[in-house]
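Student: below are the sequence and a predicted model for it; my questions follow.
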Amino acid sequence: MTNIGDNNPYGPTTKLLYSDIGFSDDSSVSPPIHQSVNSVAESAEEFADISSVPLGDKFYARHGNLTTSRLAKVISSMEGGESGIVFSSGMGAITTTLLSFLKAGDHVVAQSSHYMGTTEMVTHVLPKMGIKTTKVDQRDSNAFEKAIQPNTRLILIETPVNPSMHITDLDFVSQLAKSKGILTFCDNTFATPINQKPLKHGVDMVMHSATKYIGGHHDLLAGSITASQPIIEQIWDMNMNVGAIPAPFNSWLALRGIRTLELRVLQQNRNALAIAEVLENHSKVKTVYYPGLKSHPQHELAKKQMSGFGGLLTFDLKGGLDAGIKFIESLNLARNAGSLGGVYSVVIQPASMFGGRLTDELLDEQGITAGLIRFAAGIENTTDILNDIEQALEQI
């Protein structure tokens, strides 16, 4: 069977199922788990060859693994990228990439609002390495240009961002960066490649916390980067030292989960939009933040660069912290859990979850109020999840 790449008429789910066909000579319908840490070389020449090939999966597990490489192939095919690499976690992917391209004296432009781990990285870790960061409001495209300095090497993007649901203009930022020889890195975790493809807008590197929508079942930890072959090889070279390598079983779980990515995401999109529309008109809700709503200040930009609006939304309850606590306690279906993107709906109160790790200043900077609720829609029947939310709001 011919390998299915990017230049074909097939839809997303077909690509998810078949893009790794022919990747290995195994004939199993379900790919096996390649658990061995190393492989046997038949000669000194072969040993020298397999030990020096970037992203090679026939030498030692830190160099590469067949199961993990297969997963990287499917993710990069979905993102429309030339190559990819998988890590032990999303933060492993972020950290290794930053170490690959930054050194003391460099400057980074980041957003005021990022995933908590990214925020801590640019706020606390990079300064220890002599790397400075300027954070900007991602809603103001001109702010990115104003923040650039002669030593700027990287622009960090996350869109939509967690938990404020702000959008970054991918075309503007990527064109700006290319005009100045600056690399761009986009966290595409919450959009997924079903809803958004940053590489097609000119971004250089796309990252996923594969723990979330890629795996989709709340049972694995992994991360990924998709980019051009030269960029991926440079990141791989750094990861030979960092060692943020996923276990083959986690890669296999993610490979199994990604096959249904489109089916899951489309239902999560539907559920999130239905929830947002109900909450927008509810008397106990102050504000709803979801790019799929016409009332979202960046709705037109979201429509321009996204084909769907994702399964994540946030909303501010009028009753503040106590109302949020009562709401979550009253839910019967959605689970009160930190990670998201799987088949179950999960909900948190960011002021409680992030408050233990972020300062009051950073919480305020990211727009995290006491009554803010982050709701990640699962794949439940839409009517059931709406009824559960309605009855929980009645308990406030």
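Tutor: Yep, it's here.
Student: just for the chain, where's the confidence low?
Tutor: Scanning the chain for pLDDT under 70 picks out 1-7, 353-367.
Student: and the strands in it?
Tutor: Here the chain has its strands, by DSSP state E, at 83-87, 107-111, 132-136, 152-158, 183-187, 205-208, 223-227, 285-289, 312-317, 335-336, 346-348, 372-376.
Student: can you pull out the helices in the stretch 101-250 of the chain?
Tutor: Applying DSSP state H, counting those that start in this stretch to the stretch 101-250 of the chain gives helices spanning 116-120, 126-128, 141-147, 170-179, 192-195, 229-242, 248-258.
Student: mind putting those in JSON lines, distance to Ser43 and mean neighbour count included?
Tutor: Bear in mind the C-beta positions are built from the backbone N, C-alpha and C, glycine included. Below are these laid out as JSON lines (distance: least, CB to CB, whole Å; neighbours: other CB atoms under 10 Å):
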{"stretch": "helix 116-120", "distance to Ser43": "44", "mean neighbour count": "19"}
{"stretch": "helix 126-128", "distance to Ser43": "45", "mean neighbour count": "13"}
{"stretch": "helix 141-147", "distance to Ser43": "53", "mean neighbour count": "16"}
{"stretch": "helix 170-179", "distance to Ser43": "45", "mean neighbour count": "18"}
{"stretch": "helix 192-195", "distance to Ser43": "41", "mean neighbour count": "26"}
{"stretch": "helix 229-242", "distance to Ser43": "24", "mean neighbour count": "17"}
{"stretch": "helix 248-258", "distance to Ser43": "26", "mean neighbour count": "23"}
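Student: need the ones you listed in TSV with distance to Thr68, can you?
Tutor: Below are the helices of the stretch 101-250 of the chain laid out as TSV (distance: least, CB to CB, whole Å):
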stretch	distance to Thr68
helix 116-120	22
helix 126-128	28
helix 141-147	34
helix 170-179	28
helix 192-195	18
helix 229-242	12
helix 248-258	4
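Student: out of the ones you listed, nearest to Gly215?
Tutor: Nearest of the helices of the stretch 101-250 of the chain to Gly215, taken as CB to CB: helix 248-258 at 4.3 Å.
Student: which residues touch the closest one?
Tutor: Contact with helix 248-258 is made by 16, 20, 30-31, 33-35, 61, 65, 67-68, 70-71, 74-75, 78, 86, 88, 210, 214-217, 219-222, 246, as judged by CB atoms under 8 Å, 6 or more residues apart in numbering.
Student: just the buried members of the residues you listed?
Tutor: Buried members of these, counted by 16 or more other CB atoms under 10 Å: 16, 20, 31, 33-34, 61, 65, 67-68, 70-71, 74-75, 78, 86, 88, 210, 214-216, 220-222, 246.
Student: identify the residue nearest Asn38 in space, chain neighbours excluded?
Tutor: Tyr60 (5.0 Å; CB to CB, 6 or more residues apart in numbering).
Student: next up, the contacts around that neighbour.
Tutor: Tyr60 neighbours (CB under 8 Å, 6+ apart): Val37, Asn38, Ser39, Ser51.
Student: which of those residues are buried?
Tutor: Ser39.
Student: kindly reformat the contacts of Tyr60 as a markdown table containing distance to Ala323.
Tutor: Compiled in a markdown table, those are given as follows (distance: CB to CB, whole Å):
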| residue | distance to Ala323 |
| --- | --- |
| Val37 | 52 |
| Asn38 | 56 |
| Ser39 | 58 |
| Ser51 | 60 |
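Student: which of the contacts of Tyr60 lies closest to Ile373?
Tutor: Within the set of the contacts of Tyr60, Val37 lies nearest Ile373; the separation is 44.2 Å, counting by CB to CB.
Student: who's in contact with the closest one?
Tutor: Contacts of Val37 by CB under 8 Å, 6+ apart are Tyr60, Ala61.
Student: how near is the residue nearest to Met78 when sequence neighbours are not counted to Ser30?
Tutor: Closest residue in space to Met78, ignoring its immediate chain neighbours: Pro193 at 4.1 Å, by CB to CB, 6+ apart. Per CB to CB, to the nearest Å, Pro193 is found 22 Å from Ser30.
Student: can you check Asp322 too?
Tutor: 49 Å.
Student: Ala72 too?
Tutor: From Ala72 to Ser30 the distance is 18 Å (CB to CB).
Student: cool, Leu99 as well?
Tutor: For Leu99 relative to Ser30 (CB to CB), the value is 35 Å.
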